[in-house]
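A.B. asks: Return atomic coordinates for the entry below.
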Amino acid sequence: MPLQMMTRLINELQHRRVFRTLGGYAFVAWIAVEAADVIFPALGVPESMLTGLIVIALTGFPVVAVLTWIFDVTPQGIVVGKASPQSAAGLSRLSQVSSWLLVVVLGIAVACLSNRLYLQSDGGTTFTRGKSVAILPFKNIAADDQSNGAYFSDGVAEEILSALADVEGLRVAARTSSFAYRDNADIREVGEELDVSTILEGSVRMDQAAGRVRISAQLIETESGFQLWSDTFDYALENIFAVQEQIATSIVRELELEFSAPATVLVQPGTDNVEAYDAYLQGRHLLQLQTLAAIDQAIGHFNEAINLDPDYAQAYAGLADAWLGKRAIGNLSMLTATQRAHDAISSALRLNGELAEAQTALGLCVLGAGQQRIAASQFAKAIELDPNNADAHLQRANLLRDRGFLNDAMRAYTQALALDPLNSGIITEQAILMGFQGRFERAFEQLEALLVEDPERLPVKLALSRVAALAGQPERSLQYALEAQSAAPNNPVAITQVVDAYLLLGHLDEAEASVDRARSVAPENESVIQATIRLLFAAGRNTELEQLTTQRVQFAVNTEGLADSKLHLERLVWGAIGRLSVNDAAGASEMIERALPDTLDLDPHPDYVRGLALLAKSRVMVGDDPAKADAALQKAAAIAARVQAQGWGTGELDYALASLAAAGGSIPEALVHLNAAVDRGWRDVLYANQDPVMAVLQTTVEYQTLIRRFDAN
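C.D. replies: Model (predicted):
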């Protein structure tokens, strides 16, 4: 009897075309899965999406079987299927249960296959965020009173991170974001915020006296908190690179990733000398502190590493970064610091031309000399060598912002944050961009959130001061600048930020006292010299201004490699302003013509609109052909249109438009733009009072009324 029932069931399945339909469905599903297996990786679609497609295809089998059993497609449309005459008898009960039987059997099959797809055979790990990992800072377990060994434990973790970042198919969270979870990290929180499926954490116990190192590491799945792998390595210190290699290799195998070649070596520290490696790690750790004393110590450690291994490319790159840091906050001339950094970078690239950190350093090096376009190409090359290098993306974004390409800059910051979402440096610089766009409240919110996490962050306070100045809040700008100076009393960048805040408030005596302080700390520092020029201009100390700006022009003109750079341009423009301040129109015209030749391709920045307005003004003052003055004004108007298209939202743009109108002799239009500038936060009245382009306005009643309005605000 059961055999007869089974025979009737098979006959009925054939009659209702269930086998044929399931065969056709299986063929189409197979084609879809095979196509997805080829297309999804090319489009960057997560592997989990392919798994989901397979599960959906399997789930469709019982649904198709039941629908085929119940319904039939006829010329009259879809109708309820009927049993064949041969099997009608005895099928009444079978017809009632057959659909459920199909659902149960095929449902069990789907559940088993789905479970096998989603679960790893060795522990049931789900990788819903794809194969990804965050390397947390390894804990330093001091031995022999080595409480300062954090640099070494951090370095071990960083080396493993760098090695895994090159593994195809594995997404590795950036260093800054991963290292934000230094103390008591919640595994699930890390997984959610960094969008990773696993984390690697560990500890390092280094005993230099005994020459031993003990490293414990464990790989944890973020959603479940289950430990996927763990091990402890106790080696002689000279074998540290082998330990790092074992850990990285274990993770790759645990995540079932493939090596690019059978003999692939993941960890490539750049040296076989453990002492040189130790000195390099100490230098990198000190650079993170961003103080002048730490930078000086870092330079010593990098030089020690180079002496121990003259072919250590990473040590040269670290030395270059140290000199660039000293150029920013030390008492070192721009030329001297840049040359020392460039020498170190040249050595690094000679040893390893594909070292992304050296390419980034070279971009920063030439940027300090105003070579913006060369810097842009260097950052692009660094990103090409290492697409996951968040610092290269950050420097590219900063350069785009400072050149005036605000829309492209915002996209670049977004890319950098996608790689390193908790990097406070990226968040800070992006907030400054928001200030340029006039999104002041959003910028303040973003920066103040960083201060809640760490109230002592100096770059954040400096950025808040800068955004407050753009927003027309000079008192608030001064408050943040003074807080920054209090945190770093000898930092020239912090002191000059105070100078600028006092100038916005019109407090010349306080500004001069701050300049004197800055000059006593770092008289050779470029930011100090620029602040001195701004003070002399605002105070109307024209003879001193002309002498200083002329000296800097001679340097720019006579120094090889500075032609056509922004530094060359800026010094010539200020030189022209200095000459005009002492009524030397001919000398001013000569300098501004050299700074802004008609063939020069200028970026969309308000500074260039003002520069061209000054060029037009100088051409009129020396009795040049009026057509040449008009040509400068037309070029300025074209650049102003490009600036507006970039979404500038500060009073800087309105002041530039006022300069353009004043240079063209349109006083009413210039006053309209000046009022708009005040509405959007412009407060630099001391500058306007000395601006030679604005001289045509300064004696008008309307201008004096505007100044009173400014005072009221």
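A.B. asks: Identify the residues contacting residue 695.
C.D. replies: Listed by C-beta atoms under 8 Å, 6 or more residues apart in numbering, residue 695 has no contact partners. For glycine as for every other residue, the C-beta is placed from the backbone atoms N, C-alpha and C.
A.B. asks: try residue 330
C.D. replies: 292, 295, 337, 522, 525.
A.B. asks: The third one: neighbour count?
C.D. replies: In this case it means residue 337. 23 (other C-beta atoms under 10 Å).
A.B. asks: Now name the helix or strand holding residue 346.
C.D. replies: Element membership for residue 346 (DSSP states H and E) is helix 334-351.
A.B. asks: distance between the ends of stretch 678-690?
C.D. replies: 17 Å (C-alpha to C-alpha, to the nearest Å).
A.B. asks: Return the distance of it from the chain's centre.
C.D. replies: 32 Å (C-alpha atoms, centre = their mean, to the nearest Å).
A.B. asks: Could you tell me which residues make contact with residue 546?
C.D. replies: Per C-beta under 8 Å, 6+ apart, neighbours of residue 546: 578-579, 581-582, 584.
A.B. asks: so where's the stretch 301-450 of the chain shaky on pLDDT?
C.D. replies: Scanning the stretch 301-450 of the chain for pLDDT under 70 picks out nothing.
A.B. asks: rewinding a little: pull out the buried positions in the helix holding residue 346.
C.D. replies: Residues 334-335, 337-338, 340-342, 344-345, 347-349, 351 are the ones in helix 334-351 that count as buried (16 or more other C-beta atoms under 10 Å).
A.B. asks: can you check stretch 481-491 too?
C.D. replies: Buried-residue list, stretch 481-491, by 16+ other C-beta under 10 Å: 481-485, 488, 490-491.
A.B. asks: And stretch 308-327, by the same measure?
C.D. replies: Buried residues in stretch 308-327, counting neighbours by 16+ other C-beta under 10 Å, are found at 308-309, 311-327.
A.B. asks: quick revisit: quick check: ChimeraX command selecting the buried ones in the contacts of residue 546.
C.D. replies: With 16+ other C-beta under 10 Å as the burial test, the buried ones among these are selected in ChimeraX as follows:
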select :578,579,581,584
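A.B. asks: okay, the contacts of residue 546 in TSV with secondary structure, distance to residue 603 and pLDDT next?
C.D. replies: Listed next are these as TSV, based on DSSP: H, G, I helix; E, B strand; the rest coil; distance: C-beta to C-beta, whole Å; pLDDT from 0 to 100:
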residue	secondary structure	distance to residue 603	pLDDT
578	helix	24	94
579	helix	25	93
581	helix	27	91
582	coil	30	92
584	coil	29	93
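A.B. asks: quick one: which helix or strand includes residue 230?
C.D. replies: Following DSSP H and E, the helix or strand that holds residue 230 is strand 227-236.
A.B. asks: Who are the packing partners of that strand?
C.D. replies: Strand 227-236 is packed against strand 212-221, helix 240-254, with contacts defined by 3 or more C-beta pairs under 8 Å, 6 or more residues apart in numbering; DSSP states H and E.
A.B. asks: Worst mean pLDDT among those?
C.D. replies: Mean pLDDT values for the helices and strands packed on strand 227-236 show the minimum at helix 240-254, a mean of 88.
A.B. asks: ok now that one, how far from the chain's centre?
C.D. replies: Distance of helix 240-254 from its chain centroid, counting by C-alpha atoms, centre = their mean, is 29 Å.
A.B. asks: Now whichever helix or strand comes after it - C-alpha only, CSV.
C.D. replies: Using DSSP H and E, the helix or strand that directly follows helix 240-254 along the chain is helix 274-287. C-alpha atoms of helix 274-287 as CSV (Å, rounded to 0.1, in the frame of the first residue of the first chain):
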residue,chain,number,x,y,z
VAL,A,274,65.6,45.3,16.4
GLU,A,275,67.4,48.2,18.1
ALA,A,276,66.8,50.4,15.1
TYR,A,277,63.2,49.3,15.1
ASP,A,278,62.9,50.1,18.8
ALA,A,279,64.3,53.6,18.3
TYR,A,280,62.0,54.2,15.3
LEU,A,281,58.9,53.2,17.4
GLN,A,282,60.0,55.6,20.2
GLY,A,283,60.3,58.4,17.6
ARG,A,284,56.8,57.7,16.1
HIS,A,285,55.3,57.6,19.6
LEU,A,286,56.8,61.0,20.5
LEU,A,287,55.5,62.6,17.4
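A.B. asks: Other residues contacting helix 274-287?
C.D. replies: 150-152, 154-155, 158, 237-238, 240-241, 269, 271, 294-295, 297-302, 304-306, 308-309, 312, 314-315, 318-319, 321-322, 325.
A.B. asks: change it to 7 Å
C.D. replies: Residues from elsewhere that reach helix 274-287 (C-beta atoms under 7 Å, 6 or more residues apart in numbering): 151-152, 154-155, 237-238, 240, 269, 271, 294-295, 297-298, 301-302, 304-305, 308-309, 312, 314-315, 318, 321-322, 325.
A.B. asks: same question, stretch 335-343
C.D. replies: If you take C-beta under 7 Å, 6+ apart as the criterion, stretch 335-343 is touched by 320, 323-324, 326-327, 361, 365, 368-369, 559.
A.B. asks: Which members of the residues you listed are the farthest-apart pair?
C.D. replies: 361 and 559 (20.8 Å; C-beta to C-beta).
A.B. asks: The two: which has the busier surroundings?
C.D. replies: A count of neighbours by other C-beta under 10 Å puts residue 361 above the other of residue 361 and residue 559, at 28 against 14.
A.B. asks: do you know how far the more buried one is from residue 174?
C.D. replies: Counting by C-beta to C-beta, to the nearest Å, the separation of residue 361 from residue 174 is 18 Å.
A.B. asks: And residue 687, by the same measure?
C.D. replies: Distance of residue 687 to residue 174, computed by C-beta to C-beta: 40 Å.
A.B. asks: before we move on, back to that, immediately after the helix holding residue 346, which helix or strand?
C.D. replies: Heading C-terminal from helix 334-351, the first helix or strand you meet, by DSSP H and E, is helix 356-368.
A.B. asks: Tabulate the buried residues of helix 334-351 (CSV), appending distance to residue 282.
C.D. replies: Below are those laid out as CSV (distance: C-beta to C-beta, whole Å):
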residue, distance to residue 282
334, 28
335, 29
337, 22
338, 25
340, 20
341, 20
342, 24
344, 17
345, 21
347, 20
348, 18
349, 23
351, 21
